[in-house]
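A.B. asks: structure here, sequence nowhere to be found:
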């Protein structure tokens, strides 16, 4: 559908602000690793919230758990877009596990690396084992980790199978696992696909679609922690998926 001149003008304006905000992020990223964890979290949360404002994405939270109360553990969420990371960080600063390709994205990949993202070669057992050791170490240090166990993105209309391998470090560390449902919708609460980063879409195409959107809202629904000491990882993955699916579609 052709976009109106006003929509295009707004998108160009937002693009300019987006680029400037990335430059600001790059300056922050230079000193980021040298800061203590309290300052890192504050900067990450504020920068992410400001970016959502630039993209005109409004965010709301719901569920049996307030994410602001989470101080350590692992967030497990469904995955729709690269925007998920920004939305989550705007509420609760996290350390993410991402696919290795993200590391090579211009500017974005470098920013993710400076924010201490763990990159993983999907499908390589040796790399998964190494990443799990680093996740366990981070959890034991009291950090909040986040994973997307689908291993890919969807348009938000369904939730794919949850792979369980990256949940093992939380079990080993005795860390709580919090299922969080991510949903994008319009002002009337109807499902919105503008945020979806799927199929062969490039990052630039996805970004432009979001920049042109005029009614994009993100909603996070968090539930209480899973009982890690008494469950195996496959059972935990299934229960996390069940809770997220219920939160999204019921």
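C.D. replies: Ah, there it is. Note that this is a predicted model, so its numbers are computed, not measured.
A.B. asks: hey, what's the residue lying closest to residue 226 once chain neighbours are set aside bridged with?
C.D. replies: Distances taken as C-beta to C-beta, 6 or more residues apart in numbering put residue 177 closest to residue 226, at 4.4 Å, once the chain neighbours are dropped. The C-beta positions use only the backbone N, C-alpha and C, and glycine is treated the same way. Counting by DSSP bridges, residue 177 is bridged to residue 74, residue 226.
A.B. asks: and residue 177, how many neighbours?
C.D. replies: 23 (other C-beta atoms under 10 Å).
A.B. asks: spit out the contact partners of it.
C.D. replies: By C-beta atoms under 8 Å, 6 or more residues apart in numbering, residue 177 lies in contact with 73, 74, 76, 167, 170, 225, 226, 228, 236, 240.
A.B. asks: by neighbours, which of the residues you listed wins?
C.D. replies: Tallying neighbours with other C-beta under 10 Å puts residue 74 at the head of the contacts of residue 177, with 31 neighbours.
A.B. asks: and that residue, what does it touch?
C.D. replies: Residues in contact with residue 74, defined by C-beta under 8 Å, 6+ apart, are 135, 139, 144-147, 167, 169-170, 175-178.
A.B. asks: gap between it and residue 175?
C.D. replies: Residue 74 sits at a distance of 6 Å from residue 175 (criterion: C-beta to C-beta, to the nearest Å).
A.B. asks: joint contacts of the two?
C.D. replies: In contact with both residue 74 and residue 175: 139, 169, using C-beta under 8 Å, 6+ apart.
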